[in-house]
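Asker: One predicted model, sequence on top.
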Amino acid sequence: MGSSISSVLDSPSKGTGAAYTKKLYFDPNADSSEGRDYWITDAELRETLSELVDVTERIVEVRYYKHPLGAWQLSDHLLHHAFIVFETNAWWWSIEKNDEGVTIQRSKDFDSVCYKYRRSKRKTSIGKGVEMVKKASGSTTVMELINHIWRKNYLNQEYDALSYNCQHFADLIYEFI
C-alpha cells in the first residue's frame, strides 16, 4: 500500500475518554474482532481513505440514530449521543464525533456499525437503546463525503458539549449526504 498508510499511527486507546485527538479513527472491518484500525490526520485524510476504500461507492441511504449517554438516563429526549449510519451497495458505514475525535466504521454487517462503537456494545439505559430518528435516500459518493469532511475541517474542529457536539456533527453529515 501507499506511503501515507505506513505513516498512519496505530490506534491509541479505544473508547477511554482520552483527550480530543484531531484524528479520524477508521475501522474498515468493524464486524471482525481482529484486523487493523487506523488513526488518520486531516492532512492524510483524502489520500489514505482513497487507498483503503472504494471512494466511488454511491451512498444509497442515510439514517440518523441516537442512544442514551449512559445507563443512568431515564429519557434521551435532550441528552443523547447522535450518529449517522449510511449504506452503499457493498457496505454499511457509521460516522460520528465525540470528545475523542471522529469515527468511521465500515462493515458488511449492519449491527456492527449501528449497535457497536469501536467494536464494543453501544451504551443503553433501562428501556432505552439505539433508536433511529430519521432516514432518507443518499445523494453523494464516499469520496464526496471525505472531501466534505476535509473542506469543513471537521477533524480539527474541537468537540464542545454545548456548541459543537455529536448532535451538531450528525445534523451536518446527515444534511450533506
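Answerer: Looks like it came in fine. Numbering: from 1, shown residues only.
Asker: Now the residue most central in space within the chain: which helix or strand?
Answerer: What sits nearest the mean C-alpha location of the chain, by C-alpha atoms, centre = their mean, is residue 95, with 2.0 Å. In the assignment (DSSP states H and E), residue 95 maps to strand 92-97.
Asker: repeat for residue 171
Answerer: Following DSSP H and E, one finds residue 171 within helix 166-176.
Asker: swap in residue 150?
Answerer: Judged by DSSP H and E, residue 150 forms part of helix 142-151.
Asker: chain center to that helix, what's the gap?
Answerer: What separates the centre of helix 142-151 from the centre of its chain is 13 Å, taken as C-alpha atoms, centre = their mean, to the nearest Å.
Asker: Buried residues, it. List them.
Answerer: Across helix 142-151, burial judged by 16 or more other C-beta atoms under 10 Å covers 142-143, 145-146, 149-150. C-beta: built from backbone N, CA, C; applies to glycine.
Asker: Show me the beta-bridge partners of residue 88.
Answerer: Beta bridges link residue 88 to residue 59, judged by DSSP bridges.
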